[in-house]
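Colleague: Sequence below, structure please.
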Amino acid sequence: INIDDCWENKPEAKDPKISGELRSADGMINTNKKFPDMKALADYVHGKGLKLGIYSGPGPTTCAGFAASFGYEDRDAKQYAAWGIDYLKYDWCSYSQIAKDTTLAEFQRPYQVMRDALDKVDRDIVYSLCQYGMGNVWEWGAQVGGNCWRTTGDITDSWASMSEIGFGQAGHEKYAGPGHWNDPDMLVVGLDGWGPALHPTRLTPDEQYTHISLWSLLASPLLIGADMGRLDDFTLGLLTNDDVIDVNQDPAGIQARRVYNEKGVQIWVKELSDGSKAVGLFAADDGPRTPEEYFRWGGDAAKTKVTLTARQIDFEQKITVRDLWRQKDLGTFDGSFTTEVPRHGVVLLRVAAAR
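Modeller: I've put the predicted structure just below:
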């Protein structure tokens, strides 16, 4: 359970709930009146069998203008440990006022400072770097002690945003693995937005299947941003399909790679710990189809025929195929498997060598 911004006090705030002394006399950060006892909150969350995350940044203030950690990194890490925090999202934001330039060293510096502070406390705290992919953070996030790092700017609940971010992770797989993960941002399903004015996601059902499938293949952190108290049956089904979650949580921790990308069709494959492979067949094209394409795809403008060959995913001829969303074994196939994929949709498979 992650607390994002706005738990701290805010400089010069007029609202008494978020105003007050930013820090105590010994420099320890204070919470505002909406979070009167962070230790009790952490104990409550832990009592539910869950873990608790918190938010700060390396600049003087957070993205929303609340007190952040610049100059107080050691004290903040010590406070998080005392409260019982398990996860820290560390958001760049106002550090732009501090950074001398846009060199790689300057991108890395504040994250190394907080890593050193976290290493001094007697608590394991997952360290999430949030700086929107600047300086190709996936290439060096692990070097500064990051456990995960945002590879992109903020996602929105649109096909353009989700698909660009998700499919844009191709090539990043060699930098990910257990203990250090690429993070293409939170899930935008269910009731989405900020504050009380939430709205149903603008992604179509097929686009939502693509979203969850792709993030699972990417071994991405699955951060639910929806109102958990108002999940409809469809969204609950998206988030609780054991076959799909198993792909994301596979202990080998291998991120999927893209093996095919032509005319809007993409095929992604993720190696799994038992020797099988998770495969995503995506129909990601955006534009109108030509008459030739209508003919090629059997005349159905809404669906695309996609063929997966065993050799594309390094298997011999005979393969077994399971549809993970439908939780249904589809049988044994000799050399290839063909199916129809809805526009902006996906067929998510688990493929193994036939015995």
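
Colleague: wait, doesn't residue 320 sit right on residue 354?
Modeller: Yes - judged on CB atoms under 8 Å, residue 320 makes contact with residue 354 at a distance of 5.1 Å. In short, each C-beta sits where N, CA and C put it, glycine included.

Colleague: Compare neighbour counts for those two and give me the winner.
Modeller: Set side by side, residue 320 and residue 354 show more neighbours around residue 320, with 19 against 16, by other CB atoms under 10 Å.

Colleague: Next SSE downstream of the host helix or strand of that one?
Modeller: Residue 320 is part of strand 318-323 when elements are defined by DSSP states H and E. Counting by DSSP H and E, the next helix or strand C-terminal to strand 318-323 is strand 328-334.

Colleague: That following strand packs against which elements?
Modeller: Contacts defined by 3 or more CB pairs under 8 Å, 6 or more residues apart in numbering; DSSP states H and E place strand 328-334 against strand 318-323.

Colleague: before we move on, the earlier item: tell me the buried residues in the strand holding residue 320?
Modeller: Residues of strand 318-323 classed as buried by neighbour count (16 or more other CB atoms under 10 Å): 319-322.

Colleague: now swap in stretch 42-58 and tell me
Modeller: 42, 45, 51-58.

Colleague: Tell me which stretches of the stretch 251-355 of the chain form helices.
Modeller: 291-296 (DSSP state H, counting those that start in this stretch).

Colleague: how deep is the residue nearest to residue 226 when sequence neighbours are not counted tucked in, by neighbour count?
Modeller: Excluding the flanking residues, the one nearest residue 226 by CB to CB, 6 or more residues apart in numbering is residue 190, at 2.8 Å. Neighbours of residue 190 under the rule other CB under 10 Å: 23.

Colleague: Residue 190 and residue 229, how far apart?
Modeller: Remark: distance between residue 190 and residue 229 (CB to CB, to the nearest Å) = 10 Å.

Colleague: Relative to the whole chain's centre, how far out is the host helix or strand of residue 44?
Modeller: In this structure, residue 44 sits in helix 38-47 according to DSSP H and E. Offset of helix 38-47 from its chain centre (CA atoms, centre = their mean, to the nearest Å): 25 Å.

Colleague: same for it, what does it pack against?
Modeller: Judged by 3+ CB pairs under 8 Å, 6+ apart, helix 38-47 is in contact with helix 73-83.

Colleague: which residues does residue 321 contact?
Modeller: Residues near residue 321 by CB atoms under 8 Å, 6 or more residues apart in numbering: 329-333, 337, 349-351.

Colleague: would you list those residues in CSV and tack on neighbour count?
Modeller: Below are those laid out as CSV (neighbours: other CB atoms under 10 Å):
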residue, neighbour count
329, 11
330, 15
331, 11
332, 13
333, 18
337, 22
349, 26
350, 21
351, 22
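
Colleague: Please identify which of these is nearest to residue 27.
Modeller: residue 350 (52.1 Å; CB to CB).

Colleague: thinking again about what came up before, okay, and which of the buried residues of stretch 42-58 map to strands?
Modeller: Among the buried residues of stretch 42-58, DSSP state E puts 53-56 in strands.

Colleague: Based on its surroundings, how many neighbours for residue 246?
Modeller: Residue 246: 15 surrounding residues under other CB under 10 Å.

Colleague: Extract the C-alpha trace of the helix holding residue 44 and format it as PDB.
Modeller: Extracted as PDB, the C-alpha positions of helix 38-47 are listed here (Å, rounded to 0.1, in the frame of the first residue of the first chain):
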ATOM      1  CA  MET A  38       2.700   7.000  10.700                       C
ATOM      2  CA  LYS A  39       4.100   4.200  13.000                       C
ATOM      3  CA  ALA A  40       0.600   3.100  14.000                       C
ATOM      4  CA  LEU A  41      -0.500   3.200  10.400                       C
ATOM      5  CA  ALA A  42       2.500   1.000   9.400                       C
ATOM      6  CA  ASP A  43       1.700  -1.400  12.200                       C
ATOM      7  CA  TYR A  44      -1.900  -1.600  11.100                       C
ATOM      8  CA  VAL A  45      -0.900  -2.300   7.500                       C
ATOM      9  CA  HIS A  46       1.600  -4.900   8.500                       C
ATOM     10  CA  GLY A  47      -1.100  -6.500  10.700                       C
END
